[in-house]
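Chemist: would you be able to build a 3D model of this:
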Amino acid sequence: MYFRKLGLAATAAVVGLSTLFVGPATMTEAATPPAAFTGKAAPGAVASNTKTLVLYDNTGAYSWLGEDYAIATGNLVSHFGAWSAHPVDTYVTGELNGYNAVVYVGSTYDEPVPTAFLDDVLSTNTPVMWMYDNIWQLTARSADFTGKYGFTWKGFDFSASTTVTYKGVALDRDAAAAPSGLMDYVITDPTKVTTIATATRPDGTAMPWALRSGNLTYIGEIPFSYVGSNDRYLAFSDMLFDLLAPATASRHRAAVRIEDVGPDADPGELRAVADYLSSKNIPFTVGVYSRYRDPLGVNNNGKAQDYTLRSKPQVVSALKYMQTKGGTLLMHGYTHQLDALKNPYDGVSGNDFEFYLAHVDTNNNVIYDGPVKNDSSMFATTRVLAADNDWLLAGLKVPTVFEPPHYAASATDYKVFNSMFGTRYDRGLYFPGLLSNTTPDSTKMMGQFFPYSVRDVYGSAVIPENIGNIEPEAFNNHPARFPADLVATAKANLVVRDGTASFFYHPYLGTGYLKQTVEGIQGAGYTFVAGSALLN
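Modeler: Modelled structure (predicted):
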């Protein structure tokens with residue numbers, strides 16, 4: 001049994017933000033800014049001197065969505081440089097002059113947007129990206145918005161538009177996002193307007209999904225709502241290059257991580273995977289948990305089992321063999337399960353969550369319940385230190401990269417992982433409260449995958465995993481996924497000009513699926529590199 005590492009969580013449907021570009025802005029003296037969250041640039045940032053301002057809505061019943069979406073935006077723009085974020089209602093006149101670009105996340109209908117911001121947007125040469133709501137406040141503030149920009153908003157289109165075409169590639173838009181609507185437009189001067197991407201209605205007609213005019217880019221929804229593997233989120237991720245690093249050359253790199261390897265692993269399977277990847281000169285990463293537990297005896301005829309890597313010298317030998325073949329080991333938790341809990345399946349290592357609570361509902365969906373009982377920095381630190389000890393006793397060097405089991409942990413745990421490792425290889429969970437410096441709300445979390453490296457809101461450099469894994473059998477209401485599906489996702493990611501196709505693979509599947517996936521991704525135009533190389 002194994003569990004899909006989830007991507008962006010399907011929270012309530014909302015809006016989308018786009019990018020804009022008119023070339024790097026010349027920064028002038030900024031007004032005194034309000035208190036804001038400051039995020040650092042990712043390692044090897046594309047434009048390391050770039051600074052981006054992210055503004056978000058924070059009123060109304062769904063104010064938390066504004067912060068969630070601002071976190072997602074900030075995570076992505078870290079790929080290009082440093083960033084700051086705060087609510088739009090605290091914006092002060094001239095503030096944007098201290099930044100190379102501004103992104104406004106319009107997630108609340110009729111949020112009171114300060115006239116200081118509206119006036120600055122209308123008068124600045126700084127690239128501004130505006131997502132979804134409240135564009136009508138901007139047009140109303142202008143003496144002649146249509147004359148200057150060559151377009152204006154028309155109204156929300158609630159057609160079930162499930163395709164967004166960008167760079168000639170049809171990307172998915174989940175039907176669940178349709179009820180929130182897409183902004184439709186009237187283009188009055190096509191010479192002033194560039195249609196960046198289009199959405200296709202059920203009747204086959206098209207409408208602009210994102211527009212650019214001068215230094216203003218507008219996206220008619222929020223592309224963080226209901227995101228899948230081949231999603232229009234990829235278009236947004238690429239549009240950030242136009243906003244922040246337009247001269248970036250095209251480059252497509254791939255990475256593979258061998259997953260859920262513990263003391264119970266089959267040494268022969270590990271060696272076979274290493275031999276195949278080495279024969280193709282492909283470096284790889286191996287996610288290892290150091291202690292196997294089956295406290296309920298599920299896999300052992302009712303007898304509890306508990307042992308570490310040290311007691312399995314053949315597994316340790318196979319791990320060392322993998323290192324000689326181009327493998328890098330990372331720490332994939334301690335036990336990859338929690339105590340004697342069914343969390344959510346059976347308490348067996350490799351199957352269950354370790355740093356987060358979950359259960360399976362009557363529809364066989366995995367439901368995230370929240371932080372573990374007595375969650376604390378001490379809890380997370382103790383488990384990491386126990387794993388450190390296991391690695392050393394087994395004669396292995398303690399890894400420098402961490403991957404939370406099933407990509408799930410609390411905000412407290414993520415901060416511990418950052419302090420102890422500084423680098424993760426995963427998809428993260430993010431919570432409102434992280435930007436506003438309030439208690440993170442675990443009931444309103446959002447998941448996010450990345451098509452390139454970032455330094456996220458926790459401060460960690462994140463090696464991306466963005467195209468998933470092979471799942472020969474459907475489970476938990478998710479369809480099966482085969483090599484062709486991963487290759488299709490990799491091809492969709494080609495719209496990101498300097499993006500990745502990074503997947504993970506379970507060694508018990510043998511090498512057949514691995515060969516098909518690797519060679520399919522290579523055939524799509526990707527070059528495999530070590531996971532750590534994606535940070536450059």
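Chemist: would you map the strands across the stretch 351-500 of the chain?
Modeler: Assigned strands in the stretch 351-500 of the chain, in chain order: 357-360, 366-370, 423-426, 428-430, 446-448, 454-455, 461-464, 498-505 (criterion: DSSP state E, counting those that start in this stretch).
Chemist: buried residues, the second one. List them.
Modeler: So that's strand 366-370. 366, 368 (16 or more other C-beta atoms under 10 Å). C-beta coordinates here come from the backbone N, C-alpha and C atoms, glycine included.
Chemist: sheet partners, orientation included, of it?
Modeler: On the basis of DSSP bridges, the sheet neighbours of strand 366-370 come out as strand 357-360 (antiparallel).
Chemist: need the residues that contact the strand it pairs with.
Modeler: Strand 357-360 has contacts (C-beta atoms under 8 Å, 6 or more residues apart in numbering) with 338, 341, 343-345, 366-373, 406, 408, 476.
Chemist: could you identify the most distant pair in these?
Modeler: Within these, Lys373 and Asn476 form the most distant pair, 24.1 Å apart (C-beta to C-beta).
Chemist: state the phi and psi torsions of the residue minimising distance to the centre of the chain.
Modeler: The centroid of the chain falls nearest to Phe449 when counting by C-alpha atoms, centre = their mean (2.1 Å). When read as degrees, to the nearest 10, the backbone of Phe449 gives phi -110, psi 160.
Chemist: state the pLDDT value of it.
Modeler: Phe449 is assigned 98 on the pLDDT scale.
Chemist: in this structure it contacts Ile463, no?
Modeler: No: with contact defined as C-beta atoms under 8 Å, Phe449 and Ile463 do not form a contacting pair (11.6 Å).
Chemist: Tyr166: neighbour count?
Modeler: The tally of other residues near Tyr166 (other C-beta atoms under 10 Å) stands at 20.
Chemist: gap between it and Ala480?
Modeler: Tyr166 is 28 Å from Ala480, where distance means C-beta to C-beta, to the nearest Å.
Chemist: now the longest strand along the chain: average pLDDT?
Modeler: In the chain, with assignment by DSSP state E, the single longest strand is strand 251-261. Strand 251-261 comes out with an average pLDDT of 98.
Chemist: next, the angle from that strand to strand 498-505.
Modeler: Put simply, strand 251-261 runs at 20 degrees to strand 498-505, going by axes from the mean of the first three to the mean of the last three C-alpha atoms, to 10 degrees.
Chemist: return strand 251-261 as PDB; C-alpha atoms alone will do.
Modeler: C-alpha atoms of strand 251-261 as PDB (Å, rounded to 0.1, in the frame of the first residue of the first chain):
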ATOM      1  CA  ARG A 251      16.100  24.900 -20.200                       C
ATOM      2  CA  HIS A 252      14.300  21.700 -19.200                       C
ATOM      3  CA  ARG A 253      15.800  19.500 -16.500                       C
ATOM      4  CA  ALA A 254      14.400  16.300 -14.900                       C
ATOM      5  CA  ALA A 255      15.000  14.500 -11.600                       C
ATOM      6  CA  VAL A 256      14.000  11.100 -10.000                       C
ATOM      7  CA  ARG A 257      13.700  10.200  -6.400                       C
ATOM      8  CA  ILE A 258      13.500   6.600  -5.200                       C
ATOM      9  CA  GLU A 259      10.800   6.500  -2.600                       C
ATOM     10  CA  ASP A 260       9.800   4.900   0.800                       C
ATOM     11  CA  VAL A 261      13.000   3.000   1.300                       C
END
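Chemist: and whatever helix or strand comes next after it, what's buried?
Modeler: As assigned by DSSP states H and E, the chain's next helix or strand after strand 251-261 is helix 267-279. Judged by neighbour count using 16+ other C-beta under 10 Å, the buried positions of helix 267-279 are 267, 269-274, 276-278.
Chemist: residues near Arg497, how many?
Modeler: Using other C-beta under 10 Å: Arg497 sits among 18 other residues.
Chemist: likewise Pro404?
Modeler: Neighbours of Pro404 using other C-beta under 10 Å come to 27.
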